[in-house]
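Novice: structure for this input, please:
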Amino acid sequence: MPGDVIGVSEQFLPDKLAYDDGGYIKASVLGTVSINDLTKTISIIPKAGNPNVLEVGEKIYGQITDIRGQRAMVNIQSAKNTSRGLVFSYMGVIHVSQVKKGYLEKLTDAFRIGDIIQAKVTKVAGNNLDLNTEDNSDGVLKAMCTRCRAYMIPGKNKTELYCEVCGKREKRKISDDYIY
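Specialist: Numbers count the residues shown, from 1 in each chain. The predicted model follows:
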């Protein structure tokens, strides 16, 4: 049952659908307890019909909510290939080294607050995710101009968006699936 104690943090690390609450490992959904003695992890295998849970390798849609230093914060809105709701309200982080192949000097050359993105989940820790946008299909799907807030269209090259209203050009890590 959700909230039931399934182990202690002195013995196990919480894995899928399990979390640490003051030293006690608890279940976050209804399901069967699964213990991996090799990795010393404990997780829950959900019963059929449970809402969607994100896993490593899945694609997500989200919105950039903050950019600080070398990290962009993402509010996860949904999983790409499902219509089922998510179990948790997930937050994700994209480190500057996970944005694209090659060097990126600053995150604001790839994302801006409010951008809608597609990314791949690389790590799940409870309801916190590490994300990656290195694939060409990942990156910004929809962006607004930082000057006039009109939706932007792809510019002359793969890293530039153009505002038809005010003429401003901005750099982004643009997805091959950009919506315009």
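
Novice: show me the contacts for residue 15.
Specialist: Taking Cβ atoms under 8 Å, 6 or more residues apart in numbering, we find residue 15 in contact with 36, 39, 41, 42, 43. Backbone N, C-alpha and C define where each C-beta goes, glycine included.

Novice: most neighbours of all those, which one?
Specialist: Highest neighbour count within the contacts of residue 15, by other Cβ atoms under 10 Å: residue 42, with 23 neighbours.

Novice: any idea how far residue 22 is from the residue nearest to that one when sequence neighbours are not counted?
Specialist: In space, and not counting its chain neighbours, residue 42 is closest to residue 12: 4.1 Å by Cβ to Cβ, 6 or more residues apart in numbering. Distance, residue 12 to residue 22, by Cβ to Cβ, to the nearest Å: 15 Å.

Novice: can you check residue 141 too?
Specialist: 39 Å.

Novice: ok so, going back, enumerate every residue touching the residue nearest to residue 42.
Specialist: Taking Cβ under 8 Å, 6+ apart, one finds 25, 35, 40, 41, 42 in contact with residue 12.

Novice: quick one: name whatever helix or strand follows the strand or helix carrying residue 74.
Specialist: Using DSSP states H and E, residue 74 sits within strand 71-79. Going down the chain from strand 71-79, the next helix or strand is strand 91-95, by DSSP H and E.

Novice: so what's the closest residue to residue 7 other than its chain neighbours bridging to?
Specialist: Once flanking residues are discounted, residue 7 sits nearest to residue 25: 4.0 Å by Cβ to Cβ, 6+ apart. Residue 25 forms beta bridges with residue 7, residue 20, as assigned by DSSP bridges.

Novice: pLDDT wise, what is residue 25 at?
Specialist: We have a pLDDT of 93 for residue 25.

Novice: I'd say it and residue 10 touch.
Specialist: No. Between residue 25 and residue 10 there is no contact under Cβ atoms under 8 Å: 9.9 Å.

Novice: these two: which is more packed in?
Specialist: Taking neighbours as other Cβ under 10 Å, residue 25 and residue 10 compare with residue 25 leading, 25 against 7.

Novice: so the more buried one versus residue 128, what's the distance?
Specialist: Relative to residue 128, residue 25 is positioned 16 Å away (Cβ to Cβ).

Novice: sounds good, over and out.
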